[in-house]
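# just a sequence and a predicted model for now, questions to come.
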Amino acid sequence: MSDDEKKPCFETTRRVEFHDTDMAGIVHFANFFRYMESAEHAFLRSIGHPIHEKVGEAVIGWPRVNASCDYRSPAKFGDVLTVRVTLEEIRTRAVRYGFAFHVDPDAEPVATGTITAVCVEMREEGIKAVPIPEAIRAGLEKVGN
């Protein structure tokens, strides 16, 4: 078992739908970014925090500032992907998530990726990066340690 597989993680599943695939019947590369975002949202909901929430008077959001994905083998129409989400780094204003996509949960991932999201306060005049609120940080740290 690799070090990444030993980290605490959140796990969800997703079936590959026909509209997710290209003409060869494999998942189009861009859809892995959608899968990462959906898994991130499911993770945040699992710790009691939606992707946008009101904290005090502020509305908090999480725009992405970096995203990447490496592809190792194809996922195909009808496959059920197990998506494992790990917290790679929690900073003052940002979180970096790791993602591993498995067709067979006991085999090597078919793809891996990362997303870095920044905590922002959404204001009338725009968004501003702010420290992660303590309640959200506590939920993240519970899973990240």
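Cool, got the structure.
# avg pLDDT for the longest strand along the chain?
Longest strand in the chain, counting residues (DSSP state E): strand 80-90. Summarised as a single mean, pLDDT over strand 80-90 is 96.
# ditto for stretch 124-134
Stretch 124-134 carries an average pLDDT of 94.
# after the longest strand of the chain, heading C-terminal, what element do we hit next?
Following strand 80-90 in sequence order, the next helix or strand is strand 94-102 (DSSP states H and E).
# how far does stretch 81-91 sit from its chain's centre?
Relative to its chain's centre, stretch 81-91 lies at 6 Å (C-alpha atoms, centre = their mean, to the nearest Å).
# any buried residues in that stretch, and which?
Neighbour-count burial for stretch 81-91 flags Leu81, Thr82, Val83, Arg84, Val85, Thr86, Leu87, Glu88, Ile90 (criterion: 16 or more other C-beta atoms under 10 Å). (C-beta placed from N, C-alpha, C; glycine too.)
# show me what contacts the fourth one?
The reference is to Arg84. The contact partners of Arg84, taken as C-beta atoms under 8 Å, 6 or more residues apart in numbering, are Cys9, Phe10, Glu11, Phe99, Ala100, His102, Pro109.
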